[in-house]
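Novice: make a model of this:
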Amino acid sequence: MNKSKPIRLVLVDDHEVVRIGLCAVLNLTPGMKVVGQGGRMEEAKKLCCRLKPDLVLLDIRLPDGSGVDAAREILAKCPDTRVLFLTSFADDHTVLEAILSGAQGYILKDIASNALIRAIRTVASGQTLIDPRLTKHTLELSYVYSEAGQSKRPLLSPQEQRLLPLVADGLTNKEIAHDLRLSEKTVKNYLANIYSKLNIGRRSQIAAFYAGSFKGSGAMCPSKLTEPGKPDRERTTPHLNSC
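Specialist: Prediction:
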């Protein structure tokens, strides 16, 4: 019987006791293995370049620099590694800057251990995840002020805006094309326009954009935490602490 390979993790936090606790929990979790750990930005970059982990669990504030800067370099040099921020910082600027760095997830340190494990599995599987408590902190990016400074106009076209919740929900281009009755090529073109207009390059950044843009409509965490292929009515986004 073939067993699937474990999720290989690198932990980066400047508090040794935090790393020890995380290692203890994650190494006892089936399907996970901590392959490296460090407490500084330079360590994070070197570890990821050398070990090529599936996921790096990264803090925002490190003694020698920013976790956001580390994330940018890690993702540029190790495109197959995914970044999940685990931090206590929840201010507007930090959350937005972290997600726009290309990271695939952002959660707070007071998360329960079982919810943390689920978050790691979610991000490692290719989905995106933002702690539902943070969606209110992301800036509203979907509108820009006109030159007169009075009215607002949409930055994205209505057709492009239709894609946002589906991308944020973790659907593939093929699934989006099926849901919207479009060709995959059309979906790709719309996505290219979105990336260009927002000056971003990752689907996780679309998730962050969507969360911030629709905060007033009661939108919660945009990531899809259910099994792929389930009907839309079964897709739910539970609070992390209730996972």
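Novice: any weak-confidence spans in this protein?
Specialist: For the chain, residues meeting the criterion pLDDT under 70 lie at 1-3, 92, 135-155, 211-243.
Novice: give me the domain ranges for it.
Specialist: Domains of the chain are assigned by automatic domain parsing as 7-137, 143-242.
Novice: let's have the ones you listed in TSV, adding mean neighbour count.
Specialist: Using the backbone N, CA and C atoms, a C-beta is placed for each residue, glycine as well. Formatted as TSV, these follow (neighbours: other C-beta atoms under 10 Å):
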stretch	mean neighbour count
domain 7-137	19
domain 143-242	16
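Novice: Cys48 in helix, strand or coil?
Specialist: Classification of Cys48 using DSSP: H, G, I helix; E, B strand; the rest coil returns helix.
Novice: in this structure it contacts Ile74, no?
Specialist: Yes - judged on C-beta atoms under 8 Å, Cys48 makes contact with Ile74 at a distance of 4.6 Å.
Novice: common neighbours of the two, please.
Specialist: 56, 81 (C-beta atoms under 8 Å, 6 or more residues apart in numbering).
Novice: confirm that Arg8 sits in a strand.
Specialist: Yes - under three-state DSSP, Arg8 sits within a strand.
Novice: tell me the contacts of it?
Specialist: Contacts for Arg8 (C-beta under 8 Å, 6+ apart) come out as 33, 35, 51, 53-55.
Novice: if we use 10 Å, what do you get?
Specialist: For Arg8, the contact set (C-beta atoms under 10 Å, 6 or more residues apart in numbering) comprises 32-36, 51-56, 81, 124.
Novice: now do Val35 against Ala208, distance only.
Specialist: Val35 sits 28 Å away from Ala208, going by C-beta to C-beta, to the nearest Å.
Novice: list the contacts of the host helix or strand of Lys188.
Specialist: Using DSSP states H and E, Lys188 sits within helix 184-198. Identification of contacts with helix 184-198 by C-beta under 10 Å, 6+ apart yields 100, 141-142, 144, 155-157, 159-164, 166-167, 171-180, 182-183, 200-203, 205-206, 208-209.
Novice: and Lys52, how far from Ile74?
Specialist: 10 Å.
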